[in-house]
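Enquirer: Sequence plus the predicted model coming up.
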Amino acid sequence: MARYRGPKHRLARREGENILDKTSASLQRRLNTPPGMHGKKGKRRLSEYGIQLREKQKAKIIYGLLEKQMKKLVNQVSERKGDTGELLLANLETRLDNVVYRLGFAKTRYMARQLVSHGHIFINGKKLSIPSYGVKKDEVVTLSSKLKIKFEEISAIPDQKDLVLPPFLERKKDEGTLLRFPTKDDIKVPFNAQLIIEYYSR
């Protein structure tokens, strides 16, 4: 299945909340109106399965995952000991494209994924072009020298004083480090990871 290329606001309106990296006054006004010609008629009450499905869809949209990728990730964490919901969230947060986004090297996760895919991101000094790569504790994420120069020219990298980092990440100028594996208390997300686990367990 290909990635969704249509209007991003439509996805947020489908879920009834802002699940995008960016927001706008237009989106905020229309969040409670589902997309489509019958949107104003309101939402039907969801079944337990329907609720689990919507939670899964929100996570896929937020992190830019395909169905196959999400299912594989859930299967991996289900085989490990511990809180599977927390493990799922931690694995989503430590994807290389998400770490690049959280560090402020890209304004959106889509942009972060593009930077990684085009070979502009390095892990411990080695180029890595796999957006789904799971960053490990103490690994250092940096931008390519070519991209650093380009960003300096257009002032694209946010000033660190205006950047709010999650507690599991550290950034010093143009390099960032994963200090530890994230916990569910580190990040507030608009979906329930445990319900996603239950969806795939049916």
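Expert: It's in.
Enquirer: for this protein, which helix is longest?
Expert: helix 48-63 (DSSP state H).
Enquirer: Next, the contact list for the residue most central in space within the chain, please.
Expert: What sits nearest the mean C-alpha location of the chain, by Cα atoms, centre = their mean, is Y63, with 3.0 Å. Contacts for Y63 (Cβ atoms under 8 Å, 6 or more residues apart in numbering) come out as 92, 95, 98, 109. Any C-beta I mention is one placed from the backbone N, CA and C, and that applies to glycine too.
Enquirer: picking up where we left off before, how far is the longest helix of the chain from where the chain is centred?
Expert: The chain centre lies 14 Å from the centre of helix 48-63; the measure is Cα atoms, centre = their mean, to the nearest Å.
Enquirer: For the helix or strand following that helix, list every residue counted as buried.
Expert: Per DSSP states H and E, the first helix or strand lying C-terminal to helix 48-63 is helix 67-78. By neighbour count on 16 or more other Cβ atoms under 10 Å, the buried set for helix 67-78 is 70, 73-74, 77.
Enquirer: Surely K137 and L178 touch.
Expert: Yes - assessed by Cβ atoms under 8 Å, K137 is found in contact with L178 at 5.8 Å.
Enquirer: rewinding a little: what about the residue nearest to the centre of the chain, distance to K126?
Expert: According to Cβ to Cβ, to the nearest Å, Y63 and K126 sit 24 Å apart.
Enquirer: same question, K184
Expert: For K184 relative to K126 (Cβ to Cβ), the value is 31 Å.
Enquirer: Looking at the two, which one has more neighbours?
Expert: K184 (17 against 6; other Cβ atoms under 10 Å).
Enquirer: On the three-state scheme, the nearest residue to the more buried one once chain neighbours are set aside is what?
Expert: Spatial nearest neighbour of K184, chain neighbours left out: E86 (4.5 Å); criterion: Cβ to Cβ, 6 or more residues apart in numbering. Following DSSP: H, G, I helix; E, B strand; the rest coil, the label given to E86 is helix.
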